Every structure is written in structure tokens, then in C-alpha cells.
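Chemist: this is the structure alone, sequence omitted:
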């Protein structure tokens with residue numbers, strides 16, 4: 001599909017993802033939604049991989065009169081502080097990584113109207129990860145009991161899975177495991193659905209932009225090697 005350039009400034013393609021600003025995001029989103037499925041960045045609950053952090057903050061702004069803190073909640077408010085609720089370590093700042101959530105830690109309570117959900121079921125955590133201001137990953141943990149609902153919703157939205165594979169998961173914050181996963185993949189992105197994520201009661205959904213995720217992992221390795229070389 002041939003896309004016409006945007007005025008006054010075109011959307012420029014790069015190897016990792018599209019170079020765009022928050023102001024250009026609506027036009028970019030319209031373009032992406034029209035692309036063939038093979039080349040379309042995955043979108044979950046209104047957030048598409050590659051979207052700018054500033055556009056994310058604007059789209060998911062929640063600042064009602066009763067809110068103690070406006071959402072989204074992002075690690076760049078205090079980048080030098082570890083934030084386990086956001087799966088974030090202070091060392092990530094040097095790698096250009098920002099983590100975000102549209103829900104506060106208190107929203108995981110069943111009575112909260114802002115409790116995060118996926119496919120209509122409660123999520124334990126729902127984290128958005130950005131590299132250089134672009135959304136490269138979504139990490140959603142939920143109860144294993146709700147696995148059938150999430151799996152079926154993914155099949156309805158993205159079609160039949162592309163395969164089953166043993167995959168390694170590493171949050172870079174201490175959570176690691178190796179398990180069989182169901183995969184959905186296209187030329188740009190991959191969805192990984194773990195039925196058992198570290199224990200028998202938790203499932204995990206990971207949605208990544210392949211090139212951007214590789215950039216993030218390479219940066220994290222560089223950061224780690226810098227520390228080792230300083231010993």
C-alpha cells in the first residue's frame with residue numbers, strides 16, 4: 001500500500017520504527033490501521049506499538065476531581081528511583097527506557113473502577129515500556145484461571161496463532177522463566193502468551209515491536225557491561 005506523505009512534515013520510516021511526534025500521531029495511527037496485517041504494528045486496548053510516549057500520556061490522561069494523581073503513571077517522573085509496580089529499575093534510565101501504567105498500584109483492588117483488565121478479566125499488572133520515547137513492549141500478567149478468555153480474545157482479534165514455542169522471559173528486574181508459549185507474529189511484531197508464567201497460578205501476555213525491543217535489550221546489555229568494566 002502506497003502512503004502519501006503528510007503535510008507539513010512527512011512521517012519518515014526508519015529501521016527501528018517510525019520517527020514521529022505526538023502531533024503527528026493521529027495521522028500515523030490512521031495510516032497504520034490501514035496497513036495489511038503482515039506489516040501492521042500490533043494494537044492492544046488503543047495503544048499501538050511504536051506510538052510516542054507523549055501521545056500515550058495524552059490519550060490515556062485521567063485526572064478527575066477525585067484522583068490523587070493524574071494517570072498515566074510513568075517512571076520518567078522519578079527516573080532515578082526503582083519502581084517495582086512499573087517493572088522499572090533506575091538503571092533503565094541510562095538505556096532510554098521509560099515504563100508506564102494507566103492504573104495506579106491501588107487500582108488492582110477489586111473495588112477500584114480503574115482496575116486494569118485484559119479481554120474483560122482483571123490484570124495483575126499492565127505495563128507499557130518505551131525506548132527513546134516509542135512504545136516497544138506491553139507486559140500484562142493475569143490469573144491463570146482466566147487464560148482461556150484471554151487466549152480466545154487474541155484468536156478473535158489476531159487470528160490463528162502462528163505457532164507454539166519454548167520462550168525465555170526476563171523482566172530485567174529479577175523475574176525470569178522458560179516456558180512454552182503461544183505466538184502470534186508478523187513482519188514487525190510478536191505476541192507471546194504464556195499459560196504458566198513462573199508459577200501455576202499466573203499467566204503472562206507480552207506484546208513486542210521486534211526491532212525496538214532489540215534496541216532496548218542491546219542498551220540494557222551495554223549498561224550492564226559498563227558497570228562490569230568499571231570494576
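Modeler: That came through fine. All values reported here derive from a predicted model rather than from experimental measurement.
Chemist: can you give me the helices in this structure?
Modeler: For the chain, applying DSSP state H gives helices covering 25-34, 53-59, 147-158, 210-229.
Chemist: helices or strands next to the longest one in the packing?
Modeler: Under the contact definition 3 or more C-beta pairs under 8 Å, 6 or more residues apart in numbering; DSSP states H and E, helix 210-229 sits against strand 97-101, strand 121-131, strand 134-143. (Each C-beta comes from the backbone N, C-alpha and C, glycine too.)
Chemist: got the buried residues for the shortest one?
Modeler: This means strand 97-101. Neighbour counts over strand 97-101 (16 or more other C-beta atoms under 10 Å) mark 97-101 as buried.
Chemist: can you redo those as JSON lines with pLDDT and distance to residue 141?
Modeler: Compiled in JSON lines, the buried residues of strand 97-101 are given as follows (pLDDT from 0 to 100; distance: C-beta to C-beta, whole Å):
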{"residue": "97", "pLDDT": "98", "distance to residue 141": "19"}
{"residue": "98", "pLDDT": "98", "distance to residue 141": "19"}
{"residue": "99", "pLDDT": "98", "distance to residue 141": "14"}
{"residue": "100", "pLDDT": "97", "distance to residue 141": "16"}
{"residue": "101", "pLDDT": "95", "distance to residue 141": "12"}
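Chemist: how about those residues in CSV, adding distance to residue 179?
Modeler: Shown next, in CSV, are those (distance: C-beta to C-beta, whole Å):
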residue, distance to residue 179
97, 24
98, 27
99, 23
100, 26
101, 24
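Chemist: tell me the one among those nearest to residue 135.
Modeler: Set against residue 135, the nearest of the buried residues of strand 97-101 by C-beta to C-beta is residue 100 (8.8 Å).
Chemist: check this structure and tell me which residue is nearest its centre.
Modeler: residue 138 (1.9 Å; C-alpha atoms, centre = their mean).
Chemist: that residue against residue 126, yeah?
Modeler: Yes - between residue 138 and residue 126 there is a contact at 7.5 Å, judged by C-beta atoms under 8 Å.
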